[in-house]
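> task: produce atomic coordinates for the following.
(one chain, ligands or ions: 1)
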Amino acid sequence: MTDFKRDGSHLAFCPPVEKWDDWVEYDPDEWPRRVEKHFQIVPTICFNCESACGLLAYTNKETGKIEKFEGNPKHPASRGRLCAKGPATINQIHDPDRILYPMKRSGPRGSGQWARTSWDEVLETFGARIRKAFQENRGEEVMYHVGRPGHDFIMERTLQAWGIDGHNSHTNVCSSSARLGYLLWHYADRPSPDHANARFILLLSAHLESGHYFNPHAQRIIEGKMAGAKLAVVDPRLSNTASMADYWLPSYPGTEGAMLLAMAKVILDENRYDAEFVKNWTNWEELEIDGFRAQGQSFNATIDALKRHYAKFTPEFAEKESGVKAEVIVKIAREIATAGSRFASHLWRGSASGNLGGWQPARALMLLHVLTGSVGTPGGHNLNAWNKFVPKTFKTPPPQKRWNELLYPPEWPLCTHEMSFLLPHFLKEGRGRIEAYFTRVFNPVWTYPDGFSWIEMLRDEEKVGLHAALSPTWSETAWFADYVLPMGFSSERHDLMSQESYAGKWIGFRQPVARVIRERAGEKFDYTYQANVGEVWEEDEFWINLSWAIDPDGSMGIRQWFESPYRPGQKLTVDEYYGWMFENSVPGLPEVAAKEGLKPLEYMRKYGAYEITTDVHRQNEKPIAPADLAGSNVEPNGVIKKDGKAVGVMVDGESVVGYNTPSRKLELFSKTMADWKWPEFALPEYYRSHIHRSAQGASMGNPPADFDPKYMPRVEWPKDAHGEVYTLLPIFRLPNLIHTRSGNAKFLYEISHKNPLWVNPVDAKQLGDVCTGDLLKVHTEIGYFVLHAWVTEGLTPGVVACSHHLGRWRVNKDEQVERMSSAWVDLKEVGKGQWKMRQLSSVQPYDSPDADTKRVWWSDAGVHQDITFPVHPDPISGMHCWHQLVRVERAAPDDCYGDIFVDTNLSFAVYQRWKALARPAPGPGGLRRPLWIPRVVRPVESAFYMKKD
Ligand code: SF4
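Numbers count the residues shown, from 1 in each chain. As a prediction, the model looks like this:
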């Protein structure tokens, strides 16, 4: 304990590491008496978003109970700081309603009848079902479907060890669109901006307050700003992020591409582009546009052709599309040009995931980086692949031989990830069935569009044979499972993570705190669930044991991948899995650990994170490894190949690795798009969204001249839909909530528990002088939802908005979803595919072992909007396009707050209309998908080819 000093010099940002084994604080409950409390502090990693910030778990040495979580100062990305969701982990681990034991359904699916079971029974049941499926050559009927991964590589390894193409993810409702835009340029599908060193930062989102890696990024954005960088934010909403900006550009949603291309035109026309960079590092020589072929032409002639091509994107055109003044667009373009190589940006969801063609703004944004030469530079745009580190494991299984069309169907050959949100429709069409289905941190009934189609699928035992929800809490989806298997929170499990948070490369180690502390004290555990509360387990050990249950004697060739690298033939332990990796695959870690007399695993258990390097810029300029160079040849276009595979490129007389694209350069011109039936989008272009103003007229039967049905699906309103047409923005996040996973965090729900419909005063007047609190009915293409209005000028007119995260519900009065965050509802199927939900009661105080549940003062759980949305698969990226046209009217007297109606027959029809826009495989050579485009859990090359029959 340090003596108090008036100047505050006794205060420390975080407890120093040397005191982590016995950290002393005064017990606030004993104030004003000075009663000491002794803590043991163990680092772990937050699991409440993908940022993977470092946590410190403070365990009371007397009671063995974790009492709080704070930031880990030794974590290089989060540097001891957290957002509100990190410390709220304490609510999650002490949630009185959490699931403590594996549960098995004891009544019909969805009936809510459950009985406790054992982990042994779970392993035996699933082991036998999966073994049989494999033996009968039905591997594609085994599927793992993940919401929040929270780890790197272990599942890919497990599924490849099983030899199946069975990885499904949530990515196509999240970020596929932006990913496609980025990967078409440089293969890496995520940006890694160096905000801290930027001179100008452009965010197409509310990224400073929410979104991917936002806490680590937010720190660096503010650092950049404090060092003089200017910040511009494109967002129809006056978000907290926009309120911090030097420029707020409240564009009409879906028009961002027009604005960005207008900025590119300004930079081109004013000759402020970095000619040397564009000449050296783009594939300009492959350009073919408007009758111009760059091959054999000069660079200057090609630039002139580009100028001619983009001439239509005048700032005035962009103003007409977006509503942002032409002079502001010009000003931002000049700021970007001035920042040059120190221009940073971020685009992830928002405009990308909301809009049809939302991958084009990512391409247009990258064009600005390419023109300014701000790729791979300090203060510029870096590639996630350069900043993220995934260590190799002790033994890597070979790629699977099969291709699962339930994951990558032929209609969307360029989708970056699995077409997961269409799964109910695929099964309805008879494309397959699932024998064993694992959903993990995944609640599609609630988070996906068209949740009632998911309920119809999940309750059908013909379509889904056996379903286990791997989840620490009940959810709308878990209710329809056969088993609910409790997996640990941040302080109850092992995982290894790394993210592209800043200009550096690091790994973070999540660990089960109780087990670590008890093992330090000399106890021994075979499995983490023996040390955790109840029998809460962790996935790593579950998958190892399930693999042994599938192949108990090793005859199927599966078990070998889950045997110890140190004890031949024995079952792999988590210590061995991570210990081997830290010893053998993380550069520099063994040496750094040795300096402290520690083994690498001990070092990671002590500090929770390790920074590998900050030398991450311009990796494209690295020389080719001598082994790759030996025996290689240079193609006429400068690409260096060895054994038919590209290994580098000649640039300015030097042989360097370049980018992982076909040209090994930044692909200004995408031959891939041209070859795969989309030649009109070979360059970054402006793709008008399905919510473009022209689509509004078309939806009411008055298509304007500029409405193009070739690219936009027709909107058909249900016959009972009335009211004015608006664009709904349904995906903005609240900074303190976690999709559906914050329902058990009382600190967070106390802050936010409503999701009213944002309406601009202009529109409120048009709707009949609507005031804040009035009840509105929002019609989608498949149903409606009823909620309160919030009249605000913080939103562009013509647009309405409703936040994500809220509107949880439960069908059982006292169970299913936590009572502090959900409404008790009456859910009925009133006709075939017609679903009606009405709230019976909202949030109320209740008795539980946590006295705070008696003090719940809020009475609103919000309204579930996503379940009333149809699926909107982008024909190219495959992303679900979240924004949508809706009709809004005042609610009728018999409508109640929270009412929901959906017709899944209509949702199937909308699916068909969107599917018709796609241009299916095969592509060149009978391929299902371009070979160079990455795929999660990539199969063997031969699986990429469609069979002739
Ligand atoms: S940003 Fe917040 S929720 Fe995400 S990992 Fe960091 S502390 Fe956790």
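
> can you mark which positions in the lengthiest helix in the chain are buried?
Longest among the helix segments of the chain by residue count, using DSSP state H, is helix 119-135. Residues 119, 122-123, 125-127, 129-131, 133-134 are the ones in helix 119-135 that count as buried (16 or more other C-beta atoms under 10 Å). All C-beta spots, glycine's among them, are computed from the backbone N, C-alpha and C.

> what mean pLDDT does it get?
Helix 119-135 shows a mean pLDDT of 98 in the predicted model.

> stretch 503-514 too?
Averaged across stretch 503-514, pLDDT comes to 98.

> does the ligand have contacts with that stretch?
No: judged by C-beta under 6 Å from any ligand atom, stretch 503-514 and the ligand are separated, with a smallest distance of 9.6 Å.

> leaving out chain neighbours, which residue sits closest to Lys671?
Of all residues beyond its chain neighbours, the one nearest Lys671 is Glu286 (6.2 Å), with distances taken as C-beta to C-beta, 6 or more residues apart in numbering.

> for Glu30, see how far away Asp852 is.
Asp852 sits 20 Å away from Glu30, going by C-beta to C-beta, to the nearest Å.

> who does the longest helix of the chain touch, helix- and strand-wise?
Helix 119-135 is packed against strand 142-146, strand 434-440, strand 464-470, strand 483-485, helix 539-550, with contacts defined by 3 or more C-beta pairs under 8 Å, 6 or more residues apart in numbering; DSSP states H and E.

> got JSON lines for those, with mean pLDDT too?
As requested, those are exported to JSON lines (pLDDT from 0 to 100):
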{"stretch": "strand 142-146", "mean pLDDT": "97"}
{"stretch": "strand 434-440", "mean pLDDT": "98"}
{"stretch": "strand 464-470", "mean pLDDT": "98"}
{"stretch": "strand 483-485", "mean pLDDT": "98"}
{"stretch": "helix 539-550", "mean pLDDT": "98"}
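
> export those to a markdown table and tack on mean neighbour count and distance to Pro398?
Output for the helices and strands packed on helix 119-135, formatted as a markdown table (neighbours: other C-beta atoms under 10 Å; distance: least, C-beta to C-beta, whole Å):
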| stretch | mean neighbour count | distance to Pro398 |
| --- | --- | --- |
| strand 142-146 | 24 | 18 |
| strand 434-440 | 24 | 22 |
| strand 464-470 | 23 | 26 |
| strand 483-485 | 25 | 29 |
| helix 539-550 | 22 | 16 |
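
> quick one: which of those is nearest the ligand?
Ranking the helices and strands packed on helix 119-135 by proximity to the ligand (C-beta to the nearest ligand atom) places strand 142-146 first, at 17.1 Å.

> run the chain-centre distance for the closest one.
A distance of 17 Å separates the centroid of the chain from that of strand 142-146, by C-alpha atoms, centre = their mean, to the nearest Å.

> one more: stretch 614-634?
31 Å.

> and that stretch, what's buried?
616-617, 619-620, 624, 628, 632.

> quick one on the thing from earlier: of Asp852 and Glu30, which one has the most company?
Asp852 (14 against 11; other C-beta atoms under 10 Å).

> who touches that one in this structure?
By C-beta atoms under 8 Å, 6 or more residues apart in numbering, the contact list for Asp852 reads Lys746.

> ditto for Thr302
Going by C-beta under 8 Å, 6+ apart, Thr302 touches 284-285, 287, 292, 294.

> give me the secondary structure label for it.
Three-state assignment for Thr302 (DSSP: H, G, I helix; E, B strand; the rest coil): helix.

> kindly report the same for Ile332.
Three-state assignment for Ile332 (three-state DSSP): helix.

> per-residue confidence for the spatially closest residue to it that is not a sequence neighbour?
Distance criterion C-beta to C-beta, 6+ apart; nearest residue to Ile332, sequence neighbours excluded, is Ala232 at 5.5 Å. If you check Ala232, the pLDDT there is 98.

> so which strand or helix has Ala232?
strand 230-234 (DSSP states H and E).

> quick check: what element follows that strand along the chain?
Downstream of strand 230-234, the first helix or strand assigned by DSSP H and E is helix 240-243.

> ok, and what's touching that next one?
Helix 240-243 is contacted by residues 203, 205-209, 233, 235, 248, 250, 735 when judged by C-beta under 8 Å, 6+ apart.

> what's the closest of these to Trp348?
The nearest member of these to Trp348, counting by C-beta to C-beta, is Ser205 at 6.2 Å.

> spatially nearest residue to that closest one, not counting backbone neighbours?
Distances taken as C-beta to C-beta, 6+ apart place Gly350 nearest to Ser205, at 3.9 Å, with adjacent residues excluded.

> what residues are up against the residue in the stretch 751-900 of the chain that the ligand sits nearest to?
The nearest approach of the stretch 751-900 of the chain to the ligand comes at His805, 12.8 Å away (C-beta to the nearest ligand atom). Residues near His805 by C-beta under 8 Å, 6+ apart: 733-734, 737-740, 742, 752, 755, 862.

> please apply the same query to Pro108.
If a contact means C-beta under 8 Å, 6+ apart, then Pro108 has no contacts.

> go again with 10 Å.
Contacts for Pro108 (C-beta atoms under 10 Å, 6 or more residues apart in numbering) come out as 459, 461.

> circling back to that earlier point, for Ala339, which of the helices and strands packed on helix 119-135 is the nearest?
Ranking these by proximity to Ala339 (C-beta to C-beta) places strand 142-146 first, at 37.8 Å.

> thinking again about what came up before, tell me if I'm right that the residue nearest to Lys671 and Gln295 touch.
Yes: counting by C-beta atoms under 10 Å, Glu286 does reach Gln295; the two are 7.4 Å apart.

> what's near enough to touch the residue nearest to Ser205?
Counting by C-beta under 10 Å, 6+ apart, Gly350 has contacts 178, 203-207, 211, 234-237, 239, 253, 256, 358, 361, 729, 731-733, 882-883.
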